[in-house]
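K.L.:
Coordinates only, no sequence provided:
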């Protein structure tokens, strides 16, 4: 692994553990609930995070499609989505995507990290800027999952 990625990879690893553990003992009907009309459901956040990991992989040249595009790509807001995939499928897709992502992250060279993208991220347009920023983006949403878990009466998410 490129040493520049070591701290970022550890953030992604913790995010993944918290992501999975936030759903411990959470049933489908709870994952679909929203505390109010201004708040996302756990399953919606999970779909968004799987999609975000797939986005990174595509930017890194991996030939992969988001498994849930038909559920969310066309929608402008959560209010437009009426049908969701099963929670077990979402969690399984997360695990598969996580394995592919970590393998790809571990294989990136210094030269690949400096490749410029057509998008601007905080700090710049490089692959490293994208990976760094999206680790924070992911942690933000994983925090939402952990908070929703507590809101619905479950114990705190374990590391």
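P.N.:
Good, I have the coordinates. From a predicted model like this one, the values you see are computed outputs, not experimental measurements.
K.L.:
tell me the pLDDT at residue 70?
P.N.:
Per-residue pLDDT puts residue 70 at 84.
K.L.:
count of neighbours near it?
P.N.:
The local packing of residue 70 (other CB atoms under 10 Å) involves 10 other residues. Backbone N, C-alpha and C define where each C-beta goes, glycine included.
K.L.:
Per-residue pLDDT of the residue nearest to residue 79 when sequence neighbours are not counted, please?
P.N.:
Distances taken as CB to CB, 6 or more residues apart in numbering put residue 37 closest to residue 79, at 7.6 Å, once the chain neighbours are dropped. Residue 37 carries a pLDDT value of 94.
K.L.:
element containing residue 37?
P.N.:
Under the criterion DSSP states H and E, no helix or strand holds residue 37.
K.L.:
right, and the helix or strand after the longest strand anywhere in the chain?
P.N.:
Ordering each strand of the chain by length in residues (DSSP state E) puts strand 116-121 first. Later in the chain than strand 116-121, the nearest helix or strand by DSSP H and E is strand 124-126.
K.L.:
Pairing partners for that next one, with directions?
P.N.:
Applying DSSP bridges, strand 124-126 is found paired with strand 116-121 (antiparallel).
K.L.:
shaky segments in this protein?
P.N.:
Nowhere does the chain drop to pLDDT under 70.
K.L.:
residue boundaries of the helices in it?
P.N.:
Counting by DSSP state H, the chain has these helices, from start to end: 6-22, 28-31, 42-59, 69-72, 87-107, 110-113, 127-151.
K.L.:
Relative to residue 114, how far out is the nearest residue to residue 118 once chain neighbours are set aside?
P.N.:
Nearest non-adjacent residue to residue 118, counting by CB to CB, 6+ apart: residue 125, 7.5 Å away. Distance of residue 125 to residue 114, given as CB to CB, to the nearest Å: 10 Å.
K.L.:
if you take the average position of the chain, which residue is closest to it?
P.N.:
The C-alpha lying nearest the average C-alpha coordinate of the chain belongs to residue 49 (CA atoms, centre = their mean; 2.5 Å).
K.L.:
Nice, that's everything, thank you.
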